[in-house]
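J.: Let me see the structure of the following:
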Amino acid sequence: MTRKLGRMRPLCSLLLGLALSIAASPARAEPRLLEEAREALDRDQCREAIAKVKQLQQEKALAAESELVEGWRILGLSQVYCGSEPEARRAFVELLFTDPDFELDPHTVSADAKRLFDAVKAEQEPSLAPIRDQRREFKRQQEEARRKQLEEAERLRRQKDAPVLLRKCFERHSLLSSFLPFGAAQFEQGRPQAGALFAVGQVLTLTASIVSYAQVKSLVGADGKVDSAQLDRAKAWRTANWISFGATLGVLAGGFVDAVAHYQEQTDIACPLPAEPSKAPARPAARLFLSPTPGGVAAGIIGRF
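T.: Model (predicted):
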């Protein structure tokens, strides 16, 4: 029996990792069938309790570590009360491989069940010690990760709440930037509404000029003349072309005049204070000195470390 259980160490490690990973997930409701198995055990209906636990195991419905432990506890005690000691031993071994520090309450179980459980635990102690070490290391890593997460959250909170120190700066502008088309000069001066107005106006008038010119060209024949039947239409498109072209020049000139009128050589802006440069540690140095003294010369070394 001991050799057979010793081969289950890899399985126990797998169960341990699975149980611990699931234990870290959000809590969920205990399966109803597990509660019914517990009630059957309390009513001394051991066979019914065994059937319900085995159904849960077949359906793989026991996910959390606490559910696995409770299932093996109910199954082990039920096997003891039904007189099947080998099956009870196997259930207690699985229970201990899931939680090596588990103890049966002597006030709620029979003396025989408590005695068998303690005997199994003593037999499996060499296999349980590594599991305890794994659980302890896993818990330490979880606590370390949690500590780092809290420290990072606190650092980000302080960084967010820290006041931003600003200083007054000057931004210089060239007069040539006032002659940028499509509202770019107004945007550069920090007047987005005026910039959008001139940009839309210039785009619309320029588009109308291009469309009207294209219509005029489409009415010109291969001989460079307009058919008499299309003459009135061509004149209308020509007039529209000159009007739209003039409007384009007018809006463009208006943008230039507006930008020059609002031109400022420099504007005040707020700049973050530069980070204080870290002071480099003084480098070690040494020098020789000579000093005249009455009746001779004194020599020495001056050093900085």
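
J.: can you map out the strands along the stretch 51-200 of the chain?
T.: 166-172 (DSSP state E, counting those that start in this stretch).

J.: All the helices of it, residue numbers only.
T.: Assignment of helices within the stretch 51-200 of the chain using DSSP state H, counting those that start in this stretch yields the ranges 65-81, 85-98, 111-123, 125-161, 184-188, 192-218.

J.: quick one, the fourth one and helix 85-98 angle?
T.: Yep, that's helix 125-161 we're talking about. With axes from the mean of the first three to the mean of the last three C-alpha atoms, to 10 degrees as the basis, helix 125-161 and helix 85-98 are set at 30 degrees to each other.

J.: Now helix 125-161: buried residues?
T.: By 16 or more other C-beta atoms under 10 Å, the buried positions in helix 125-161 come out as 127, 128, 131, 134, 135, 138. Bear in mind the C-beta positions are built from the backbone N, C-alpha and C, glycine included.

J.: got it, and stretch 33-43?
T.: Applying 16+ other C-beta under 10 Å to stretch 33-43 flags 33, 34, 37, 38, 40, 41 as buried.

J.: just the residues you listed now: which is nearest residue 220?
T.: Distance ranking of these against residue 220, using C-beta to C-beta, places residue 33 first at 90.5 Å.

J.: element containing that closest one, please.
T.: Assigning secondary structure by DSSP states H and E places residue 33 in helix 32-42.

J.: Any stretches of the protein with poor pLDDT?
T.: The model of the chain has pLDDT under 70 over residues 1-28, 163-168, 170-171, 173, 266-305.

J.: and with 80 instead?
T.: Under the criterion pLDDT under 80, the flagged ranges of the chain are 1-29, 161-179, 183, 185, 188-190, 216, 219-232, 234, 259, 262-305.

J.: tell me which of the buried residues of helix 125-161 is nearest to residue 90?
T.: Closest to residue 90 out of those is residue 127 (13.9 Å), distances taken as C-beta to C-beta.

J.: Distance check, residue 116 against residue 239.
T.: Here the distance between residue 116 and residue 239 works out to 110 Å (C-beta to C-beta, to the nearest Å).

J.: what's the burial count for the nearest residue to residue 251 once chain neighbours are set aside?
T.: Counting by C-beta to C-beta, 6 or more residues apart in numbering, residue 251 lies nearest to residue 201, which is 4.3 Å off, once chain neighbours are set aside. Burial of residue 201, expressed as a neighbour count using other C-beta atoms under 10 Å, amounts to 19.

J.: Residue 201 and residue 180, how far apart?
T.: For residue 201, the distance to residue 180 equals 15 Å [C-beta to C-beta].

J.: that older thread, any chance of TSV for the helices of the stretch 51-200 of the chain, columns distance to residue 244?
T.: Written out in TSV, the entries for the helices of the stretch 51-200 of the chain read as follows (distance: least, C-beta to C-beta, whole Å):
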stretch	distance to residue 244
helix 65-81	79
helix 85-98	84
helix 111-123	96
helix 125-161	53
helix 184-188	22
helix 192-218	4
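
J.: what ranges do the helices span in the stretch 201-305 of the chain?
T.: Read by DSSP H, counting those that start in this stretch, the stretch 201-305 of the chain holds these helices, from start to end of the chain: 231-261.

J.: what's near enough to touch residue 178?
T.: Applying C-beta atoms under 8 Å, 6 or more residues apart in numbering, we find residue 178 in contact with 185, 256, 259, 260, 263.

J.: Done for today, thanks.
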